[in-house]
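Undergrad: 3D model of this:
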Amino acid sequence: MKLVILGGGGFRVPLVHSALLDPSSPITSLVLHDVDAGRLAAISRVIEAQGHGPALSATTDLTEALTGADFVFSAIRVHGLPGRVIDEKVAIGLGVLGQETTGAGGVSYGLRTVPVADAIARRIALVAPSAWVINFTNPAGLVTEAMAAHLGDRVIGICDSPSALGRRVARALGLTSSYSLGYAGLNHLGWLSSVTSGGVDVLPSLFDASDDTLRSFEEGRLFGPARLRALRAVPNEYLHYYYDTASSVRAEQAAAETRGEFLLRQQTACYDAIGSGDPLAAWTAALRERDATYMSLEGLDRDASAGGGGYEQVALELMRALASDVPASLILNVRNRGALDIVDADAVVEVPCTVTSDGPVPVTGVSVPGHGVALVRRVKATERAVLSAAANGSRAVAVRAMASHPLVDSVPLARALIDAYRSEFPELAYLR
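TA: Numbering: from 1, shown residues only. So this is what the prediction gives:
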């Protein structure tokens, strides 16, 4: 089976290839596509150094890449890492959170990415209509919903945050297997509200445990035992930006460089090293540094011993289930279809699904905690306004989208943000 990776010159693409080395992988042919031929060549060198896997090819021609695809993995970044830096710096400069998917930066990222994702979805529908599309392009829920307008249920969004959260909580509960997760929300905006083992929800026992137990996993340290006990749920790490907004903004304003600036500097050096030395060693060293510093600005103490794969493992399990009809249970971004009664049926939500060769089916019976309902609805309204602005080329609707986000919450500020982003990004010139 043929897998096409859009954004194939991206830094994390070798992680996907490493997952494909698993004997259970259904992929026999891997095509990398990117608009940057230099990055494409560098990542191809890393993959070749990883060892024998699917037959590898690379191209900058989108139609050539997509023709005959069984799976398409979308991991594009419109305007690259320099765009992430702009998203961050503009927001911080105007006194709001500078984060790539959450708040002002996420709205900017969405406004310039949705038109590109829409065009890609149209091309897939023409060239490879039977392909399954796995979207990792951020903002993942928003972009998946945009692509679903052309691809329907054949586009599925993935993120490694919910499954990683579930593994860490299960480990804190002493579980090693045979458990199911009750998780619901939107991408980067969800809560783990149950962990069922042997027919019993054992998550409440975690909140009754000692502070040391609650601090034994990352989210416990990030949010603190008192907050977890009050919520009676474990938030996705990105909820930190909503619960502790002021401290997050202060930390960003005080930092010597943003996360985007760090990654841009690191990856520029890494790609140079790939071209001039041992490609696998250069990439592996950069990956370790990237992982070790993840959310360090937010005070997150990353636990490297937590184990388990990231988004590449989720992608492998998803492709395996779609190709083999051996069911898998995964937390995915899919059209709601009644899984959550707080948003409409076509809204893309992040919920547990049962996956077979017919595709993912959202599990019923999950819910967003009561305290999170209004927040989910408001962020979904922001996403819908972004989709409308992109479809109509409307600056006024883009301002409305920005102002409606709870981390902006101001029309004058939204106008300033949209105008600043339009001046920096040629991709936003369509907003008039």
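Undergrad: so who does the closest residue to residue 397 other than its chain neighbours touch?
TA: Nearest residue to residue 397, sequence neighbours excluded (C-beta to C-beta, 6 or more residues apart in numbering): residue 389, at 4.0 Å. Glycine gets a C-beta too; all of them are placed from N, C-alpha and C. Counting by C-beta atoms under 8 Å, 6 or more residues apart in numbering, residue 389 makes contact with 111, 395, 397, 398, 400, 401, 431.
Undergrad: how much space between the most far-flung residue of the chain relative to its centre and residue 334?
TA: Residue farthest from the centre of the chain, counting by C-alpha atoms, centre = their mean, is residue 210 at 32.0 Å. Look at residue 210 and residue 334: by C-beta to C-beta, to the nearest Å, they are 37 Å apart.
Undergrad: can you check residue 382 too?
TA: 20 Å.
Undergrad: before we move on, what about residue 209?
TA: 33 Å.
Undergrad: Of those two, which one has the most company?
TA: For residue 209 and residue 334, the more surrounded residue by other C-beta atoms under 10 Å is residue 334, and the numbers stand at 26 against 16.
Undergrad: Next, that one: secondary structure please.
TA: strand (DSSP: H, G, I helix; E, B strand; the rest coil).
Undergrad: Confirm for me that it is in contact with residue 157.
TA: Yes - with contact defined as C-beta atoms under 8 Å, residue 334 and residue 157 form a contacting pair (7.2 Å).
Undergrad: who touches both of these two?
TA: Common neighbours of residue 334 and residue 157 (criterion: C-beta under 8 Å, 6+ apart): 144, 348.
Undergrad: wait, residue 310 sits on residue 160?
TA: Yes - with contact defined as C-beta under 8 Å, residue 310 reaches residue 160; the gap is 4.2 Å.
Undergrad: Show me the domain layout of the chain.
TA: 2-79+101-157, 379-428 (automatic domain parsing).
Undergrad: Could I get those domains in CSV, plus columns for mean pLDDT and distance to residue 203?
TA: Listed next are the domains of the chain as CSV, based on pLDDT from 0 to 100; distance: least, C-beta to C-beta, whole Å:
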stretch, mean pLDDT, distance to residue 203
domain 2-79+101-157, 97, 24
domain 379-428, 98, 24
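Undergrad: Out of these, which is closest to residue 220?
TA: Closest approach to residue 220 among those (C-beta to C-beta): domain 2-79+101-157, 20.8 Å.
Undergrad: And the closest one, how far out from the chain middle?
TA: Mean C-alpha position of domain 2-79+101-157 versus that of the full chain (C-alpha atoms, centre = their mean, to the nearest Å) differs by 13 Å.
Undergrad: can you check stretch 261-270 too?
TA: Relative to its parent chain, stretch 261-270 has a centroid offset of 20 Å by C-alpha atoms, centre = their mean.
Undergrad: tell me which residues of it are tucked away?
TA: Under the neighbour-count criterion of 16 or more other C-beta atoms under 10 Å, stretch 261-270 has 261, 262, 263, 264, 266, 267, 270 buried.
Undergrad: Repeat that for stretch 231-245.
TA: Applying 16+ other C-beta under 10 Å to stretch 231-245 flags 231, 233-242, 244-245 as buried.
Undergrad: Return the closest of those residues with respect to residue 96.
TA: Nearest to residue 96 among those, counting by C-beta to C-beta, is residue 245 at 8.6 Å.
Undergrad: roughly how far apart are the closest one and residue 315?
TA: Going from residue 245 to residue 315 by C-beta to C-beta gives 32 Å.
Undergrad: Residue 130 versus residue 67, what's the distance?
TA: For residue 67, the distance to residue 130 equals 12 Å [C-beta to C-beta].
Undergrad: ok, these two, which is more surrounded?
TA: Here residue 67 and residue 130 are compared on neighbour count by other C-beta under 10 Å; more neighbours surround residue 67, at 13 against 9.
Undergrad: Residue 127 is in contact with that one, correct?
TA: Yes - assessed by C-beta under 8 Å, residue 67 is found in contact with residue 127 at 5.6 Å.
Undergrad: who touches the helix or strand containing residue 412?
TA: Applying DSSP states H and E as the criterion places residue 412 in helix 411-424. Helix 411-424 is contacted from outside by 86-87, 90-91, 93-94, 96, 104, 107-108, 111, 395, 398-400, 402-403, 408, 428-429, 431, using C-beta under 8 Å, 6+ apart.
Undergrad: redo that, cut-off 7 Å
TA: Surrounding helix 411-424, the residues in contact under the criterion C-beta atoms under 7 Å, 6 or more residues apart in numbering are 86, 90-91, 94, 104, 108, 395, 398-399, 402-403, 408, 428, 431.
Undergrad: Of the residues you listed, which is the nearest to residue 141?
TA: residue 108 (16.1 Å).
Undergrad: Could you check how far the closest one is from residue 88?
TA: Separation of residue 108 from residue 88 (C-beta to C-beta): 10 Å.
Undergrad: more crowded one of those two?
TA: Shown here are residue 108 and residue 88; by other C-beta under 10 Å, residue 108 has more neighbours (31 against 24).
Undergrad: That one belongs to a strand?
TA: No - counting by three-state DSSP, one finds residue 108 to be helix, located in no strand.
Undergrad: wait, doesn't it sit right on residue 87?
TA: Yes - assessed by C-beta atoms under 7 Å, residue 108 is found in contact with residue 87 at 5.0 Å.
Undergrad: any weak-confidence spans in the stretch 151-300 of the chain?
TA: For the stretch 151-300 of the chain, the stretches with pLDDT under 70 are 296-300.
Undergrad: tally of neighbours for residue 257?
TA: Residue 257, neighbours per other C-beta under 10 Å, totals 13.
Undergrad: Give me the phi and psi for it.
TA: Dihedral pair for residue 257: phi -150, psi 160, per degrees, to the nearest 10.
Undergrad: what about it, distance to residue 265?
TA: Relative to residue 265, residue 257 is positioned 8 Å away (C-beta to C-beta).
Undergrad: For residue 71, name its beta-bridge partners.
TA: Residue 71 has these beta-bridge partners by DSSP bridges: residue 3, residue 132.
Undergrad: need the contact list for it.
TA: Counting by C-beta under 7 Å, 6+ apart, residue 71 touches 1, 3, 131, 132, 134, 319.
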